[in-house]
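Visitor: from the sequence below, what's the structure:
(one chain, ligands or ions: 1)
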Amino acid sequence: MKLFLTQIIFAFLFISTVQGQKISYKYPQNRSFSVDEVTEAYRSLQKNYPKQCSLQEIGISDIGRPIHLFIISDDGNFNPDAARKKGKLVLFVNNGIHAGEPPGVDASVKFSEDLLSQSKYKKLLNDVVICIIPFYNVDGGLNRSCCSRANQNGPEEYGFRGNGQNRDLNRDFIKTDTRNTQAFVAAYQQWLPDIFIDTHDTNGSDFQYVMTLITSQLDKQNRYLADYQRKAFLPKLYEDMKKRDFEMIPYVNFRGNSPESGIVDFLETPRYSTGYSTLFGALGFVTETLKYKPFPKRVEATLAFLLSSLELMSTEKNALKTARKKALDDISTKQIFEIAWQLDTANVDSIEFKGYETEYRESQFGLDAKQLVYNQDKPYTKSIPYYKRYIPSVTVQKPSAYIIPQSWHEVVDRLLINNVKLSRLEKDTMISVEMYYIENYETVKTPYEGHYLHYNVALRKAYMPIKFHKGDYVAETNQIANRYLVETLEPHGTDSFFAWNFFDGILQQKEWFSAFSFEPLALDLLKNNAFVREVFERKKQEDAEFAKDHWGQLYFIYKMSPYYENTHNRYPVGRVP
Ligand SMILES: [Zn+2]
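Guide: Numbers count the residues shown, from 1 in each chain. Have a look, this model is predicted:
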């Protein structure tokens, strides 16, 4: 029955495609494509335009269903190297990462169809190759229902946010727990797009705009790309969207109770899609259409954004190429990297905002409570504060290379799929390196995306010879993946592999001592080692509790003895200065 319905829908939508005439795709009103339907839609396009587009499988999702990439390339060459050689730019669009937020899924079909069928877009396709993931969170897309997003104004059915492992794929880019992310990263690394767009819906407050936009945070963005975006790309993009009747506002991430208290630029660390794309020097955008607006409007707005971005890419082709080249050269050669950021609250701008008046009404719950509501009958345009500047809170001088012991193979696997250039030691080798000791850290109390994240990591650096083994990996920091390397391998980075628990093994001491048998050794050490004696006596004087604590004193001496394992809390990745 389901198949039969699908056939009817597609017979309607693509009837003229089959006959080779002008395509008569209609907006699906309050309906969104299912995973199977959207795949079928792209198959139809491939069938009708075999020389200009190709539907490829890039991997499987956690529940074993294929994830697709639809490529539009007017010369029939679907190879990224060939496209780069021809000087073409790459636009990469990701849809359905949150399967309950589907405007991009539907808009991208219409976008592809228009580009392929209408001659006015021919010029754009000369300049740009377009890669579209039709439905990324396939698993969530199969878990379809009417209602998992409360108050969303259509479509009548949509998918669920979590994937097969109930992971939020838009937190998985760095840790790559899911097969979905493995597939994405492999495809992304092949194409290394100039512009990356991830399509979403948003909720929160209510306001007049259909489309809000997260631009990869500009202070965190590569300086050449940020400069280019501020001066040229973004003003033109906002202006063009206004002309298309979809005036945009930056993503409404507000301080306080309502947008009037001010919008704060969203800081996306590399766990997020555009945080990830920023590591590799792309202009990153997350479209966030407001879920209280009707679904067809949200589809239309997303379509307008895709067209606007593509047209701008084409007109800005040379400037964009120049900025991108500078950015990639910069990533490969710069010495200091910023790995954590904080909002600069002293630096506040203002922005014109079209909202609705807020008022407090009595709660209908019979409680003595007031409820904040947005009054759609009272639209306003006001200037509100806009906090859009961030300052780096942690910076790191890159080493000339990282040495990653092969035992940490989960980390090595992630470096490999991210196209990090690695060599391997040919034999066991002693190398003088900087090593970090984890002096302190905190850990969240409840699991977050399948992990217990560490934060507030304090480090001590020590320079020492370390024996690395034949086959251990060396990552030189003279490559496009530099920023990825620094942000994942420096343990105090917000989204480092250490933060995401990949190195938790080092945090546990493996060998201990018995007090009765160690006490004579401890006394010997105090007697024969002046340094140990001095440090121990000072500690006793400074710490009254310690002065009475027999076991504590033994452990203190044990940690300064040769019996204590020197790998405890020692972060295993070496930094070659
Ligand atoms: Zn979302």
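Visitor: ok, Phe502 - contacts?
Guide: Neighbouring residues of Phe502 by C-beta atoms under 8 Å, 6 or more residues apart in numbering: Lys175, Trp408, Glu410, Val411. In this view, the C-beta of every residue, glycine as well, is placed from N, C-alpha and C.
Visitor: farthest pair in these?
Guide: Lys175 and Trp408 (13.9 Å; C-beta to C-beta).
Visitor: does Tyr121 really touch Asp114, like I thought?
Guide: Yes: contact criterion C-beta atoms under 8 Å: Tyr121 and Asp114 qualify, at 6.6 Å.
Visitor: in terms of neighbours, single out the busier of the two.
Guide: Ranked by neighbour count (other C-beta atoms under 10 Å), Tyr121 and Asp114 place Tyr121 first, with 19 against 16.
Visitor: which SS state does the more buried one fall under?
Guide: Look at Tyr121: counting by DSSP: H, G, I helix; E, B strand; the rest coil, its state is helix.
Visitor: which residue does the stretch 1-150 of the chain have closest to the ion?
Guide: Across the stretch 1-150 of the chain, the shortest distance to the ion (C-beta to the ion) belongs to His98, at 3.6 Å.
Visitor: once you drop chain neighbours, what's closest to that residue?
Guide: Arg161 (5.0 Å; C-beta to C-beta, 6 or more residues apart in numbering).
Visitor: what of Ala481?
Guide: The shortest distance from Ala481 to any non-neighbouring residue, by C-beta to C-beta, 6+ apart, is to Val420 (4.4 Å).
Visitor: hang on, that neighbour in a strand?
Guide: No: counting by three-state DSSP, Val420 is not part of a strand but coil.
Visitor: my guess is it meets Leu485, correct?
Guide: Yes: with contact defined as C-beta under 8 Å, Val420 reaches Leu485; the gap is 6.4 Å.
Visitor: overlap of the contact sets of these two?
Guide: Residues touching both Val420 and Leu485 (C-beta under 8 Å, 6+ apart) are Ala475, Gln479.
Visitor: is the closest residue to the ion within the stretch 201-350 of the chain bridged to anything, and to what?
Guide: The ion sits closest to Asp201 of the stretch 201-350 of the chain, with a gap of 6.4 Å, by C-beta to the ion. Note on Asp201: beta-bridge partners by DSSP bridges are Thr289.
Visitor: identify each buried residue in the longest helix along the chain, please.
Guide: For the chain, the helix with the greatest residue count under DSSP state H is helix 295-315. For helix 295-315, the neighbour count (16 or more other C-beta atoms under 10 Å) marks 295-314 as buried.
Visitor: look up how far the ion lies from Ala481.
Guide: Applying C-beta to the ion, to the nearest Å, the value for Ala481 to the ion is 27 Å.
Visitor: which bits of the stretch 51-200 of the chain sit near the ion?
Guide: For the stretch 51-200 of the chain, the residues in contact with the ion (C-beta under 5 Å from the ion) are His98, Glu101, His200.
Visitor: top of these by neighbour count?
Guide: In terms of neighbours by other C-beta under 10 Å, these top out with Glu101 at 29 neighbours.
Visitor: what residues are up against it?
Guide: By C-beta under 8 Å, 6+ apart, the neighbours of Glu101 are Arg149, Tyr158, Thr199, His200, Asp201, Thr202, Lys291.
Visitor: break this structure into its domains for me.
Guide: Domain assignment for the chain by automatic domain parsing gives 2-333, 349-391, 396-508.
Visitor: if we can go back for a sec, so the residue nearest to His98, which of the three states?
Guide: Strictly by three-state DSSP, Arg161 counts as coil.
Visitor: doesn't Ala99 make contact with it?
Guide: Yes: using C-beta under 8 Å, Arg161 is in contact with Ala99, at 6.7 Å.
Visitor: those two: which is more packed in?
Guide: Of the pair Arg161 and Ala99, Ala99 is the one with more neighbours under other C-beta under 10 Å, namely 28 against 19.
Visitor: ok, for the more buried one, nearest residue in space, not its chain neighbours?
Guide: Closest to Ala99 by C-beta to C-beta, 6+ apart is Gly159, at 2.7 Å.
Visitor: and for that neighbour, the neighbour number?
Guide: When counting by other C-beta under 10 Å, one arrives at 28 neighbours for Gly159.
Visitor: with Pro103 instead?
Guide: Counted with other C-beta under 10 Å, residues neighbouring Pro103 total 32.
Visitor: distance of it relative to Ser112?
Guide: The gap separating Pro103 from Ser112 is 15 Å, by C-beta to C-beta, to the nearest Å.
Visitor: same deal with Gln46?
Guide: Here the criterion is C-beta to C-beta. By it, Gln46 lies 10 Å from Ser112.
Visitor: looking at these two, which has the bigger crowd around it?
Guide: For Gln46 versus Ser112, neighbours defined as other C-beta under 10 Å are more numerous around Ser112 (25 against 18).
Visitor: would you say that one is within a strand?
Guide: No: under three-state DSSP, Ser112 sits outside any strand and is assigned helix.
Visitor: surely it touches Ile132?
Guide: Yes: applying C-beta under 8 Å as the test, Ser112 and Ile132 come out as touching, 6.5 Å apart.
Visitor: which neighbours do these two share?
Guide: Common contacts of Ser112 and Ile132 (C-beta under 8 Å, 6+ apart): Phe70, Ile72.
Visitor: please, where are all the helices along the stretch 251-400 of the chain?
Guide: Under the criterion DSSP state H, counting those that start in this stretch, the stretch 251-400 of the chain contains helices at 273-279, 295-315, 317-333.
Visitor: tell me the contacts of the residue of the stretch 201-350 of the chain closest to the ion?
Guide: His98, Gly100, Glu101, Pro102, Pro103, Arg149, Gln152, Glu288, Thr289, Leu290, Lys291, Arg298.
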